[in-house]
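> Need coordinates for the below:
(one chain, ligands or ions: 1)
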Amino acid sequence: MTPSSYDMILRGGDVLLPGGISSCDIAISGGRIAGILERNAEVSAGTVHDIRGQTVLPGIVDVHFHVRAPSYPERGTVGSETRAAAAGGVTTILEMPISKPCCNSVAVFDARRDHFEGEAQVNFGLYAAPGIASVDDLQAMARRGAVAFKVFTTAAPPRRDDEFAGLALPEEVDQYETLRRVAATGMLLVVHAESEPLMHHYMGAQQASGRTDAIAHEASRPDIVEAVAVAKILTMARKTGVRIHVAHVTSRAALDVIRAFKAIGTDVSAETCPHYLIFTNDDVARVGPDAKINPPIRSADDRAALWEGVADGTISIVTTDHAPFSRREKEAAKGNMLTAPPGSPGVEFLLPAMLDAASRGVLPLEKAIGLIAANGAKRFGLYPRKGEIAIGADADLAIVDLSAQTVVVPAALQTAARDCSGLYAGRRFAGAVTTTVVGGRVVYTGGQVIEGANAGRFVPGQRWEQS
Ligand SMILES: [Zn+2]
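Below is the predicted model:
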């Protein structure tokens, strides 16, 4: 039975449905998509939004996000960084486990969920760190709703051991044993893949040379560092049967490894980020510490390789790796690219970047949106409630104006790290987010975040057992 009255109708827009763009109206009730209606169908609703001239997309799912809350509020809070997500059309973020302490136990997991709940403007899922947990504890975190596990193949940064306990696994034996334990849970394992021994070698060479510029940053972590770590993890994955997702792929060399492992049937997916698809090491030299990201932004050839990987499906997900820092922290490095903190706040540019690529004909709009919505939702077990516009799906929507432009003005950004957004400052993208809907509530429209919308909900992983 079709209800004749809905909570909300979006009337007059073009809608990106699984089969392509369609001229139809969207009806929302109870936080879900209740109807995909013929244009101007005779129905009533609590509110009717006229969105003529605009395009309705599924809400963007960003599977790689860092708030680090409740630690480091000076870098940004759940409130500020999810407001930034809302402004970017991102309706679900998957928060990485780096925090103080690291999200490596049921107790920390529950505390983080409590901390996010009520403050989040968009939906949130939480990763957990598996390196110091037993199989029983991993199973317990999965049942609490952990969306995936995450590890680094590098050591914890200096003086940050507590934030990376269970997360940083530089030793092969710890990597292998952790993969075995995660395999026993059936959960997805996301890997930040850089080889610690090789990085140690190249970093030492740069330190010895006295260089501290952008070239030194990339030279301290060249592509071989990434490619070897990926090859090693995927070799272990085949032995243990764990499902792997490779975070932020940056190089042709790493991509070649992933392609080869996929060709022999390895259960692996891979992501990259807009900063690797847009910028090169020339931009890093121009911008300085705001463009320091690990692994580094590389050459024009690597950038071309990433687009090839997107085209052939080796890379199926594009994420932000949104990582706010305070201006004081970036400035404390005094331009030293080896000691500057790594990360850039990118959540407000993910959707504009993909709209811009589609407008330039680099890839079709449907594929561009699939990379930042359905594909991630599928790999992380959130589909079909997230990632696509369909009856019964959560009413998480990004409404965009394809004929408008996004111009990045740092002072106007929602992220608390707006002063560290030098990488994108002044950048123009074709297409702009006009309205963001989370769970049937408008959380952003007309350039303003709607305060008090309180729409963000916990997004549990597949193994969740509601107690
Ligand atoms: Zn990250």
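> Just the helices from the stretch 1-150 of the chain, written as ranges.
78-87, 106-116, 135-143 (DSSP state H, counting those that start in this stretch).
> Could you check the last one and say which residues are buried?
Buried positions in helix 135-143, judged by neighbour count with 16 or more other CB atoms under 10 Å: Asp137, Leu138, Gln139, Ala140, Met141, Ala142, Arg143. C-beta: built from backbone N, CA, C; applies to glycine.
> Equivalent analysis for the longest one, please.
By 16+ other CB under 10 Å, the buried positions in helix 106-116 come out as Val106, Val108, Phe109, Arg112, Arg113, His115, Phe116.
> What average pLDDT does it get?
Averaged over helix 106-116, pLDDT sits at 97.
> again, but for stretch 399-413
98.
> Just the CA trace of it, in CSV.
The C-alpha coordinates for stretch 399-413 follow below in CSV (Å, rounded to 0.1, in the frame of the first residue of the first chain):
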residue,chain,number,x,y,z
ILE,A,399,21.4,17.5,-3.8
VAL,A,400,23.7,19.3,-6.2
ASP,A,401,23.6,22.0,-8.8
LEU,A,402,25.6,20.7,-11.8
SER,A,403,25.6,24.1,-13.4
ALA,A,404,27.1,25.9,-10.4
GLN,A,405,30.7,26.1,-9.3
THR,A,406,32.4,25.4,-6.0
VAL,A,407,35.2,27.8,-5.2
VAL,A,408,37.3,26.9,-2.2
VAL,A,409,37.5,29.8,0.2
PRO,A,410,39.2,28.5,3.4
ALA,A,411,37.6,31.0,5.7
ALA,A,412,34.1,29.8,4.5
LEU,A,413,34.8,26.1,5.2
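> neighbouring contacts of it?
Residues outside stretch 399-413 that contact it (CB atoms under 8 Å, 6 or more residues apart in numbering) are 10, 13, 51, 53-57, 84, 87, 89, 345, 348-349, 351-352, 355-356, 359, 418-419, 421-422, 424-437.
> for stretch 107-114, same thing?
Here stretch 107-114 makes contact (CB under 8 Å, 6+ apart) with 69-70, 95, 99, 101-103, 126, 128, 141, 144-146, 458.
> Let's see which of those residues end up in strands.
Glu95, Leu126, Ala128 (DSSP state E).
> Among the residues you listed, which one has the most neighbours?
Ala128 (31 neighbours; other CB atoms under 10 Å).
> And that one, what's its pLDDT?
The model's pLDDT for Ala128 equals 98.
> My read is that it contacts Asn104, right?
Yes. At 6.6 Å, Ala128 counts as touching Asn104 under the criterion of CB atoms under 8 Å.
> ok, longest helix in the protein?
helix 223-240 (DSSP state H).
> Mind exporting the C-alpha coordinates of that helix to CSV?
Coordinates of each C-alpha in helix 223-240 appear next as CSV, following Å, rounded to 0.1, in the frame of the first residue of the first chain:
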residue,chain,number,x,y,z
ASP,A,223,56.7,4.3,-4.3
ILE,A,224,58.7,1.1,-3.5
VAL,A,225,57.8,1.6,0.2
GLU,A,226,54.1,1.4,-0.6
ALA,A,227,54.3,-1.3,-3.3
VAL,A,228,56.4,-3.8,-1.1
ALA,A,229,54.0,-3.3,1.9
VAL,A,230,51.0,-4.0,-0.3
ALA,A,231,52.6,-7.1,-1.9
LYS,A,232,53.5,-8.5,1.6
ILE,A,233,50.0,-7.9,3.0
LEU,A,234,48.3,-9.4,0.0
THR,A,235,50.6,-12.5,0.2
MET,A,236,49.6,-12.9,3.8
ALA,A,237,45.9,-12.3,3.0
ARG,A,238,45.9,-15.2,0.5
LYS,A,239,47.4,-17.5,3.2
THR,A,240,45.0,-16.4,5.9
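> what comes into contact with the helix or strand following it?
Next along the chain after helix 223-240, taking DSSP states H and E as the criterion, comes strand 243-246. Applying CB under 8 Å, 6+ apart, the contact partners of strand 243-246 are 63, 148, 186-191, 193, 230, 233-234, 237, 254, 258, 266-271, 317, 379.
> and these, which are buried?
63, 148, 187-191, 193, 230, 233-234, 237, 254, 258, 268-271, 317, 379.
> Out of these, which sit inside helices?
Using DSSP H, these in helices are Val230, Ile233, Leu234, Ala237, Ala254, Ile258, Arg379.
> From those residues, pick the one nearest Ile33.
Among these, Arg379 lies closest to Ile33 (CB to CB), at 21.8 Å.
> where does that closest one land on pLDDT?
Note for Arg379: predicted pLDDT of 98.
> any chance you could map the helices in the stretch 301-450 of the chain?
Using DSSP H, counting those that start in this stretch, helices in the stretch 301-450 of the chain cover 327-332, 350-359, 365-370, 374-379.
> Worst mean pLDDT among those?
helix 327-332 - the lowest mean pLDDT of the helices of the stretch 301-450 of the chain, at a mean of 92.
> Could the C-alpha coordinates of that helix be exported in PDB?
In PDB, the C-alpha atoms belonging to helix 327-332 read as follows (Å, rounded to 0.1, in the frame of the first residue of the first chain):
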ATOM      1  CA  ARG A 327      47.400  25.800  12.300                       C
ATOM      2  CA  ARG A 328      49.800  25.800  15.300                       C
ATOM      3  CA  GLU A 329      50.800  22.200  14.700                       C
ATOM      4  CA  LYS A 330      51.400  22.700  10.900                       C
ATOM      5  CA  GLU A 331      53.400  25.900  11.700                       C
ATOM      6  CA  ALA A 332      55.400  24.300  14.400                       C
END
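> distance of the nearest residue to Glu74 once chain neighbours are set aside from Tyr6?
Spatial nearest neighbour of Glu74, excluding adjacent residues (CB to CB, 6 or more residues apart in numbering): Ser326 at 4.9 Å. Remark: distance between Ser326 and Tyr6 (CB to CB, to the nearest Å) = 44 Å.
> any idea how far Pro352 is from Ala411?
17 Å.
> Going by secondary structure, Ala184 is in what exactly?
helix 172-185.
> Report all helices and strands that that helix contacts.
helix 135-143, strand 148-152, helix 223-240 (3 or more CB pairs under 8 Å, 6 or more residues apart in numbering; DSSP states H and E).
> I'd like to know which elements the second one is packed against.
Translated: strand 148-152. Strand 148-152 is packed against strand 123-128, helix 172-185, strand 188-192, with contacts defined by 3+ CB pairs under 8 Å, 6+ apart.
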